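*Asks:* Build me a model from this:
(2 chains)
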Amino acid sequence: MPPTAFEIHDMTVAYHRRPVLWDIDLTIPEGKLVGIVGPNGAGKTTLIKASLGLVPLASGKVEIYGKEYREQRHLVGYVPQRESVDWDFPVTVRDVVLMGTYGKLGWFRRPGKKQVATADRCLQQVGMLPQAKRQIRQLSGGQQQRVFLARALAQEAQLYFLDEPFAGVDATTEAAIVELLHSLRSSGRTVLVVHHDLQTVRDYFDHVILLNMRLIASGPVETTFTNENLHTTYGGRLTILDEAAEAMRQREPNR
Amino acid sequence: MISLTLSEKVMIGTALLGGMAGVVGSFAVLRRRSLVGDMLAHAALPGICLAFLVMHSRDFLGLSLGALASGLLGVGLVTIMIRWTRTKEDAAIGIVLSTFFGLGVVLLSKIQDPAIGGNKAGLDSFLFGEPGNMLNRDLVLLAIVAAAMLLLVALLFKEFKLVCFDSDFAQSQGWPTLRLDLTMMAALAVVTIVGLPIVGVVLMAAMIIMPAATARFWTNRLHLLVMLACALGVTAGVVGTKLGHALPAGAAIVLTAAAMFLISLLLGLQRGVVWSALAEFRLRRRMANEHLLRSLYELSEPRLPDLDLLSIDQLRSDRHWRPWALERLLHKAEQGGLIDREKSSVRLTPLGLHRSATLTKTHRLWEMYLMQHANIAPDHVDRDADDVEHLLPESLLLELERQLAAEGRLPQIVDEVPESPHELPSTSGSAEGDRA
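*Replies:* Now for the predicted structure:
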């Protein structure tokens, strides 16, 4: 039995007194790639943000390796949605990746040779080292995403939260992300990924969290990513559902 | 310092103000908070007047505290309005700013009334600034504040940078983003308030915004941007004061900053308008040339290696050139020895054939690559077509060339000037035959 990397108890989150997440309870074992799946407005991003303490919990608690988030921050890496920042900001690619090391650096200290070496190694891992000195405005969408991934790698964490890393990226980046996920898993890291594309869930993830304001199901893909659960998650949105069912039907014979 | 003349004092004071406004303003501008400086400044006016009414003196520190209090009250009101009403940020800033300013002007007129204020307090200098009123202790205060601001930014540079760029990420790492944000705001407030007597409530925002906005045209690195904004602020202060002998000093300083902004907007290395326009013009001209050469090649292609005369009309209908544009291109090409002209016809020279064949080959390889393999690496699509041979792996290039040759569309590039017509490329010839 691998240890539990991430646990949520009774989490309820409300914006302006309207609940967006109800009574979420889930447990993720170490070393899994976990897809967080659900329709728009299901609270996928909120689940991540609440876990990271970026939005207040109305109730419940979050535990990372058995302790409160506050104490375990150094174990956590985060990739926010790409659109959440100003890509015209006057920094280079390497500057952004260095930001991943700030958490461990602490107050007032500047990144030095060691941090630069870490940043460059992470850039290398996502295939962006040649662009290290570029201003971030000059990057394509997929390259921006890879810079964000490199920044998260520079956090040298055990547990990663990725918010829609596959949204609007090119095939090279998609392949790079998948490869990165695999290398993280094989080194014992746990990764939670907000994901939109139902068709690739089976290929990319071991675990899946099906979410629609409340937790529909959470567990291994084989037993959890079922038609029935998808039906509950997506409700009457048959078009999406049919696509998913179709995708699964097409995949079944290959397995 | 005591032996300084007034004009020297004024110059040092405005330089100090310009420098710290540049540094603190950089973060305000990057955090999209530049209007907060404007609002603070306008909202400070009633505070200044009230402080005067209470103290009955022009004591700099006392007036500054009054200014700070009402400025922060204004900021607080805006925050509340955005949070709890349906008013959006820009509207809320506009409303609070003008209301406080109106209130300040009313109070000011009451103070000017000899029956109430007694002395002509000279408070109206706060409207447009009057550095000539500067006392030694004002200068000392400015120096202390400037030193404190520089120290603050030097210490918290990394933290400010992170919060300005991605505050959610900063918070996830455990940084107290709210407190860091408030620290930046407080620094902005302090700089604004000490600047009020010098450039005035109306123009203070320009001191905050312009050095940073100007510096942005010259650098893509934050630390350079902050240093440059500092230097630009100092320059605006010094030059503005020099020019300001005959002019209202605050306005002269702001106009100096504006002049530097305008120059940078046009000539700045990063996105200066002139360079962008020039680059755009060059790109268009190059593309037009390449289009012409490709048209010439494609029209000549069926009868290669013979180089036929091509009528200009034919050429024109091939790409819908405008006559004058085509005329200019042909003239350039003739000067470059790429074509020979005979009245209304042209012919590629051997040099022209070489160039146009190279171009066409590159273009076709690229086209084929995009059609067949683009899904592998659309990241590369924004590169110049010229790069194709350096960019793609050799095996892929050979494969693409083979495919082009099979379609009979691989241009043969002859390095030397062809001397005999026997160089008819057999592969292309036979492929052509196969297709027919």
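
*Asks:* which residues of chain A score low on pLDDT?
*Replies:* Counting by pLDDT under 70, the ranges of chain A that qualify are A:236-255.

*Asks:* Up against chain B, what does it have?
*Replies:* Listed as neighbours of chain B in chain A under the rule Cβ under 8 Å from any Cβ of the partner chain: A:49, A:52-54, A:70, A:73, A:76, A:78, A:80, A:84-86, A:89-92, A:95-96, A:99, A:102-103, A:105, A:107-111, A:135, A:137, A:140, A:142-143, A:151, A:155, A:170-173. Quick note: C-beta positions are derived from backbone N, CA and C, even for glycine.

*Asks:* Just the ones of those in strands?
*Replies:* Those of the residues of chain A next to chain B mapping onto strands are A:76, A:78, per DSSP state E.

*Asks:* Only the buried subset of the residues of chain A next to chain B, as a ChimeraX command please.
*Replies:* A single ChimeraX command suffices to select whichever of the residues of chain A next to chain B are buried according to 16 or more other Cβ atoms under 10 Å in any protein chain shown:
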select /A:49,52,53,54,73,76,78,80,85,89,90,91,92,95,96,99,102,103,105,111,135,140,142,143,151,155,170,172,173
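
*Asks:* so where do the strands sit in chain A?
*Replies:* Going by DSSP E, chain A shows strands at A:4-15, A:18-29, A:33-37, A:59-64, A:67-68, A:76-79, A:159-163, A:190-194, A:207-212, A:214-220.

*Asks:* For stretch A:60-78, buried residues please.
*Replies:* Within stretch A:60-78, the residues that count as buried by 16+ other Cβ under 10 Å are A:60, A:62-65, A:69, A:72-73, A:75-78.

*Asks:* Which pair of those spans the longest distance?
*Replies:* Maximum pairwise distance in the buried residues of stretch A:60-78, criterion Cβ to Cβ, is 22.4 Å, between A:Gly60 and A:Gly77.

*Asks:* ok and the residue in chain B nearest chain A?
*Replies:* Relative to chain A, the nearest point of chain B is B:Gln173 (3.6 Å; Cβ to the nearest Cβ).

*Asks:* I'd like to know how many residues surround that residue.
*Replies:* Counted with other Cβ atoms under 10 Å in any protein chain shown, residues neighbouring B:Gln173 total 24.

*Asks:* residue contacts, it?
*Replies:* For B:Gln173, the contact set (Cβ atoms under 8 Å, 6 or more residues apart in numbering or on different chains) comprises A:73, A:78, A:102-103, A:155, B:162.

*Asks:* what kind of secondary structure is B:Thr235 in?
*Replies:* Recorded secondary structure, B:Thr235: helix (DSSP: H, G, I helix; E, B strand; the rest coil).

*Asks:* Can you report how many residues neighbour it?
*Replies:* Here the number of neighbours of B:Thr235 (other Cβ under 10 Å) works out to 19.

*Asks:* Leaving out chain neighbours, which residue sits closest to B:Leu309?
*Replies:* Once flanking residues are discounted, B:Leu309 sits nearest to B:Ser345: 4.2 Å by Cβ to Cβ, 6 or more residues apart in numbering or on different chains.

*Asks:* Pull up the gap between that neighbour and B:Gly18, please.
*Replies:* Counting by Cβ to Cβ, to the nearest Å, the gap from B:Ser345 to B:Gly18 is 66 Å.

*Asks:* These two: who's more crowded?
*Replies:* Between B:Ser345 and B:Gly18, B:Gly18 has the larger neighbour count (other Cβ under 10 Å), namely 34 against 16.

*Asks:* Against which helices or strands is the helix or strand harbouring the more buried one packed?
*Replies:* Take DSSP states H and E as the rule and B:Gly18 turns out to sit in helix B:6-30. Secondary-structure packing of helix B:6-30 (3 or more Cβ pairs under 8 Å, 6 or more residues apart in numbering or on different chains; DSSP states H and E): helix B:34-55, helix B:136-155, helix B:157-165, helix B:177-215, helix B:222-243, helix B:249-267.

*Asks:* What helices and strands are in contact with the third one?
*Replies:* Translated: helix B:157-165. For helix B:157-165, the elements it packs on are helix A:93-105, helix B:6-30, helix B:167-172, helix B:177-215, helix B:222-243, judged by 3+ Cβ pairs under 8 Å, 6+ apart.

*Asks:* Kindly recompute the last result at 6 Å.
*Replies:* helix B:6-30, helix B:177-215 (3 or more Cβ pairs under 6 Å, 6 or more residues apart in numbering or on different chains; DSSP states H and E).

*Asks:* before we move on, what about the last one?
*Replies:* Other helices and strands packing on helix B:249-267, by 3+ Cβ pairs under 6 Å, 6+ apart, are helix B:177-215, helix B:222-243, helix B:273-300.

*Asks:* how far is it from where the chain is centred?
*Replies:* From the chain centre to the centre of helix B:249-267 is a distance of 15 Å (Cα atoms, centre = their mean, to the nearest Å).

*Asks:* and that helix, C-alpha only, in PDB?
*Replies:* Below are the C-alpha coordinates for helix B:249-267, written out as PDB (Å, rounded to 0.1, in the frame of the first residue of the first chain):
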ATOM      1  CA  ALA B 249       7.800  73.900 -12.300                       C
ATOM      2  CA  GLY B 250       5.500  70.900 -11.800                       C
ATOM      3  CA  ALA B 251       4.200  71.200 -15.300                       C
ATOM      4  CA  ALA B 252       7.700  71.600 -16.700                       C
ATOM      5  CA  ILE B 253       8.800  68.400 -14.900                       C
ATOM      6  CA  VAL B 254       5.800  66.400 -16.200                       C
ATOM      7  CA  LEU B 255       6.200  67.700 -19.700                       C
ATOM      8  CA  THR B 256       9.800  66.700 -19.700                       C
ATOM      9  CA  ALA B 257       8.800  63.200 -18.700                       C
ATOM     10  CA  ALA B 258       6.200  63.200 -21.400                       C
ATOM     11  CA  ALA B 259       8.800  64.200 -24.000                       C
ATOM     12  CA  MET B 260      11.000  61.300 -22.900                       C
ATOM     13  CA  PHE B 261       8.000  59.000 -23.200                       C
ATOM     14  CA  LEU B 262       7.200  60.200 -26.700                       C
ATOM     15  CA  ILE B 263      10.800  59.700 -27.900                       C
ATOM     16  CA  SER B 264      10.800  56.200 -26.400                       C
ATOM     17  CA  LEU B 265       7.500  55.400 -27.900                       C
ATOM     18  CA  LEU B 266       8.900  56.200 -31.300                       C
ATOM     19  CA  LEU B 267      12.500  55.000 -30.900                       C
END
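
*Asks:* Name the helix or strand for the residue nearest the centre of chain B, please.
*Replies:* The structure's chain B has its C-alpha centroid closest to B:Phe217; by Cα atoms, centre = their mean the separation is 4.5 Å. Following DSSP H and E, there is no helix or strand that holds B:Phe217.

*Asks:* Return the subset of the residues of chain A next to chain B lying in helices.
*Replies:* Per DSSP state H, helices hold the following members of the residues of chain A next to chain B: A:49, A:70, A:95-96, A:99, A:102-103, A:105, A:142-143, A:151, A:171-173.

*Asks:* Now render those residues as TSV, adding distance to A:His9.
*Replies:* Below are these laid out as TSV (distance: Cβ to Cβ, whole Å):
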residue	distance to A:His9
A:Lys49	17
A:Arg70	15
A:Asp95	38
A:Val96	34
A:Met99	31
A:Tyr102	30
A:Gly103	25
A:Leu105	32
A:Gly142	37
A:Gln143	39
A:Arg151	30
A:Ala171	39
A:Thr172	40
A:Thr173	35
